[in-house]
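Student: Turn this into a structure:
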Amino acid sequence: MRLIVGGQGQGKLAYVLAEGFTTEACSLCGFCEPSTIFEKQIIYNLHEAIRQWMASGIDPLSFILAHVKEEHIIVCNEVGCGIVPADPFERQYRDTVGIVCCALAKRASVVERVCCGIPKKLKG
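Tutor: This next block holds a predicted model:
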């Protein structure tokens, strides 16, 4: 499994697509049913799926660890930087995204961070 993280609009998807993948290989999280997210090789915008799962009562960490496969490429925004939100759900959401990414990074064979369109290998 490969995990790619970075801020909003930093070129994560463009980086993956430049390797020869197409958007048809992507599950666009936040816009598809939880059960279909893992059907495609690239799981794009995992942070949106985490928000969706939390709102519907699904434990994101357990759910993703039960379904992720070695061939998946997971793309997720870093959402924990910046101002801490006053809303309790938003604080829990940001913490959960970080916890899920830490667990995925531990399992992943490759972890990369993309900033300004430039990938930096963190693991692998």
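Student: List of residues touching the lowest-mean-pLDDT helix or strand in the chain?
Tutor: Each helix and strand of the chain was given a mean pLDDT (mean pLDDT, DSSP states H and E); the minimum falls on strand 26-28 at a mean of 91. With contact meaning C-beta atoms under 8 Å, 6 or more residues apart in numbering, strand 26-28 is reached by 13, 36, 37, 38, 39, 40, 42, 43, 44, 45. (C-beta placed from N, C-alpha, C; glycine too.)
Student: rerun at 10 Å
Tutor: 13, 16-17, 32-33, 36-46, 48-49, 72-75 (C-beta atoms under 10 Å, 6 or more residues apart in numbering).
Student: Okay, now the sheet partners of it, with direction.
Tutor: The strands beside strand 26-28 in its sheet (DSSP bridges) come out as strand 42-44 (parallel).
Student: hang on, residue 113 in a strand?
Tutor: Yes - counting by DSSP: H, G, I helix; E, B strand; the rest coil, residue 113 is part of a strand.
Student: any idea how far it lies from residue 84?
Tutor: 22 Å (C-beta to C-beta, to the nearest Å).
Student: likewise residue 54?
Tutor: Distance from residue 54 to residue 84, by C-beta to C-beta: 17 Å.
Student: just residue 52 next, same as before
Tutor: 22 Å.
Student: OK, contacts around residue 46?
Tutor: Applying C-beta under 10 Å, 6+ apart, the residues contacting residue 46 are 3-5, 27, 29-30, 37, 60, 64, 68, 74-77, 97, 100-101, 104.
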